[in-house]
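Colleague: Compute the structure for the input listed below.
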Amino acid sequence: MMPGKKKKKTSSPKPGSNGSACLSDNVRIAMNKYFNDLEGHDPADLYQLVMTQIEVPLFESVLDYTEGNVSRAADVLGLNRGTLRNRLQKYKID
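Modeller: Here you go, the predicted model:
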């Protein structure tokens, strides 16, 4: 890419438009598998488990997308920069 030129953003296809499941479908599939794997045992702290499992890859993906720019990542996520910083520290994400 030439200096001073911005990389052209391409629009992403709508979730599920290319035959793949959308995010909510993938969550539903994962949760159904999780419940099936419990074999009758009751889950505990499920909300916290799910949030931890989702936030880490979400933050890592957005940071990759923003090339490590935390301010821009916070904007993309719709979070306050300080809130994102705290979450990154919580999960030990650099």
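Colleague: rest of the way, CA atoms for contacts and neighbours
Modeller: Will do.
Colleague: Please, which helix or strand holds the residue nearest the centre of the chain?
Modeller: Against the mean C-alpha coordinate of the chain, by C-alpha atoms, centre = their mean, the closest residue is residue 58 at 1.9 Å. Secondary structure assignment for residue 58, by DSSP states H and E: helix 46-65.
Colleague: Which parts of this protein are helices?
Modeller: Ranges of helices in the chain, per DSSP state H, are 23-37, 46-65, 70-77, 81-90.
Colleague: how about the ones you listed in CSV, adding mean pLDDT?
Modeller: Putting the helices of the chain into CSV (pLDDT from 0 to 100) gives the following:
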stretch, mean pLDDT
helix 23-37, 94
helix 46-65, 95
helix 70-77, 98
helix 81-90, 97
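Colleague: Can you tell me which of the ones you listed is packed in deepest?
Modeller: Across the helices of the chain, averaging neighbours per residue (mean count of other C-alpha atoms under 10 Å) puts helix 70-77 on top, at a mean of 17.
Colleague: CA atoms only: put that one into CSV for me.
Modeller: Output in CSV follows, covering the C-alpha atoms of helix 70-77 (Å, rounded to 0.1, in the frame of the first residue of the first chain):
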residue,chain,number,x,y,z
VAL,A,70,-7.2,0.3,22.2
SER,A,71,-9.0,3.6,21.7
ARG,A,72,-10.2,2.5,18.3
ALA,A,73,-11.1,-1.0,19.7
ALA,A,74,-13.2,0.7,22.4
ASP,A,75,-15.1,2.7,19.7
VAL,A,76,-15.7,-0.5,17.6
LEU,A,77,-17.0,-2.3,20.7
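Colleague: separation between residue 90 and residue 52?
Modeller: 10 Å (C-alpha to C-alpha, to the nearest Å).
Colleague: And residue 58, by the same measure?
Modeller: Relative to residue 52, and taking C-alpha to C-alpha, residue 58 is found at 10 Å.
Colleague: swap in residue 70?
Modeller: Per C-alpha to C-alpha, residue 70 is found 19 Å from residue 52.
Colleague: Equivalent analysis for residue 22, please.
Modeller: Residue 22 is 20 Å from residue 52, where distance means C-alpha to C-alpha.
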